[in-house]
Each structure stands twice: as C-alpha cells, then as structure tokens.
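1. structure here, sequence nowhere to be found:
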C-alpha cells in the first residue's frame, strides 16, 4: 500500500503513571509518517508522566491533564473531543503496541472499505510475547460474549488498537470512564452498523511487575457493559425500564464508575 500524500491520523494517548515508557512511546508515534497530531491525556499521574509530556516540543503534540485519575475511558473521551484529523487511533503510553503498524491499521480505511479497524493480537502470525494463560482465556471469553451480543465476529474485542473515521466518533457518546470503554465502543459501533475490519498486529505485553493494570474485576464489568450497550441488551432493558420505577438510579441507570475505585488503568 502506498503511503498517504500527507499525514491523516490523530493519535490519542491516555497516560497514567507511565513515566518509564512515555517518551519512548511518543518518539515511536511521531516517527510514523501517518501521524498528523498526538493528543496526550494525562489521567492524574502521580509520577513524572505529566512533566515528561509537557517537555515534548514537537508541534504535533498537545497535552491535556486530568486533575484526578478518572480512568481510560474518561481520558479517551477528552482526547477524542480534541481530534481534527480524519482518522483516530488509540495508543497506550506503554510499549505493548507498535506504532510502526499504523499503515496496516489504516489500509482498509484509506481504501474506503471500513469505518472502524480493530488490530487483533490473535489474527496473524506476528510476534507476540508469551504471558498469562488465564488472561488469554478471559479475553477469548469476553470476545465471544461480545460477538454473541453484537452479532459481529471479532477475534480480539479488548485490543487497544482501534482506529476510527472521525465521523464515527463524532456520532457516539462515550459513557464509560474505565476499561468498560472497550465493550461499550464495540457494542455501539456494531449497533450503529458501521463497517468493521480486523487486521493482525504484533503484541509485546507486559507483566503486572512492569506496570500492567487491568484485572479480573474489569472483565466482570465488561460483561455488564456488553449487556448494557448492545442491541440485545436494549431489548431486555427497555421493557424492564417501562415496568419499573428504577429510573436513573436503578440497575439500568447510568454509571461511569465500574467496579471499585478508579485508580487503575493500563
């Protein structure tokens, strides 16, 4: 695939206590010929992440601090609002995903075939670091549940690498503040009928000792989010809402918090 004539990609990078990897991740992002803008949202970091972000002098970089830790979904919601490029990708501030693969992710979008592209860690024979067995099992279970409730056939719903046409994001309301963003956005994209493609990517996962933050509670909350935001969830929820007096405070009312305190994210 030929490179685009000019940069076309907005990179939204949520960051929470990633001082050890942030500068390297930013350098790799800015080395991509596709990058038009990099929007770093510091999510209330307590280490040196924010000063490091603010020290970057590249004109393509904008830094937006959250004054307290609110979660990955909240950081992405802020970052998406700042995007101006025609395509938008989520890029974590760690080194698990490789910005050198932006061209692979953008190909279906640039060819006019897709509105949203997912980078699957399980869809190709690309290099993968071998880590936690039960994490892979949990990921496959969540992806299967997502596919059943949305009627799409993804292989990696929980992937960080999701690329959107800007128009898609402008038409969606992101409600989840934490890791519930992944199932929420998948359910809403599927419900809206946007064209979804999936491409294989490499993955260099990290351990908890190296800073990984997602845990099993987030997996439980992901199931709830799928039930809440999918079309099937609508069919169950709407009759119950009409027959109940729960309102916004009931079990189907709006909540951004997810399980436990919002002090962790990847």
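-> All right, it came through fine. Just so you know, these numbers come straight off a predicted model, no measurement behind them.
2. contacting residues for residue 229?
-> With contact set as CB atoms under 8 Å, 6 or more residues apart in numbering, residue 229 has these partners: 183-184, 187-188, 191. Every C-beta, even on glycine, is put in place using the N, C-alpha and C of the backbone.
3. may I ask which of those has the most neighbours?
-> Ranked by neighbour count (other CB atoms under 10 Å), the contacts of residue 229 have residue 183 at the top, with 29 neighbours.
4. now the longest helix seen in the chain, how far from the centre of its chain.
-> Using DSSP state H, we find that the single longest helix of the chain is helix 133-150. Here the centre of mass of C-alpha atoms in helix 133-150, compared against the chain's by CA atoms, centre = their mean, to the nearest Å, lies 16 Å away.
5. then stretch 18-34?
-> The chain centroid and the centroid of stretch 18-34 are separated by 17 Å, computed with CA atoms, centre = their mean.
6. what's it in contact with?
-> With contacts defined as CB under 8 Å, 6+ apart, stretch 18-34 is touched by 3-4, 7-9, 11, 13, 15, 35, 38, 40, 45, 47-49, 52-53, 56, 58, 60-61, 91-95, 98-100, 102-103, 106, 211.
7. nearest to residue 171 among the contacts of residue 229?
-> Among these, residue 188 lies closest to residue 171 (CB to CB), at 9.1 Å.
8. need the contact list for the closest residue in space to that closest one that isn't next to it in sequence.
-> For residue 188, ignoring the flanking residues on the chain, the nearest one in space by CB to CB, 6 or more residues apart in numbering is residue 172 at 5.3 Å. Applying CB under 8 Å, 6+ apart to residue 172 gives the contacts 185, 188-189, 192.
9. what helix or strand does the closest residue to residue 18 other than its chain neighbours sit in?
-> Distances taken as CB to CB, 6+ apart place residue 93 nearest to residue 18, at 3.9 Å, with adjacent residues excluded. Under DSSP states H and E, no helix or strand contains residue 93.
10. neighbours around residue 93, how many?
-> By other CB under 10 Å, the residues close to residue 93 number 30.
11. swap in the one 10 residues further on?
-> Residue crowding around residue 103 was assessed by other CB under 10 Å; the count is 17.
12. that one in helix, strand or coil?
-> Recorded secondary structure, residue 103: helix (DSSP: H, G, I helix; E, B strand; the rest coil).
13. per-residue pLDDT, it?
-> pLDDT recorded at residue 103 is 96.
14. how close does it get to residue 69?
-> 33 Å (CB to CB, to the nearest Å).
15. just to revisit the earlier point, just checking, what packs against the longest helix of the chain?
-> Secondary-structure packing of helix 133-150 (3 or more CB pairs under 8 Å, 6 or more residues apart in numbering; DSSP states H and E): helix 181-192, helix 216-229, helix 231-243.
16. filter the contacts of residue 172 to the buried ones?
-> By neighbour count, with 16 or more other CB atoms under 10 Å, those hold 185, 188-189 as buried.
17. let me know the closest of those residues to residue 152.
-> Looking across the buried ones among the contacts of residue 172 and measuring by CB to CB, the closest to residue 152 is residue 189, at 8.6 Å.
18. quick revisit: ok, now which ones touch the residue nearest to residue 18?
-> 13-16, 18, 21-22, 25-26, 40, 49.
19. next one: residue 14
-> Residue 14 neighbours (CB under 8 Å, 6+ apart): 41, 43, 72, 75-76, 79, 90, 92-93, 265.
20. could you redo the last one with a cut-off of 6 Å?
-> Residues near residue 14 by CB atoms under 6 Å, 6 or more residues apart in numbering: 41, 43, 72, 75-76.
21. lowest average pLDDT across the helices and strands packed on helix 133-150?
-> When these are compared by mean pLDDT, helix 231-243 comes last with a mean of 60.
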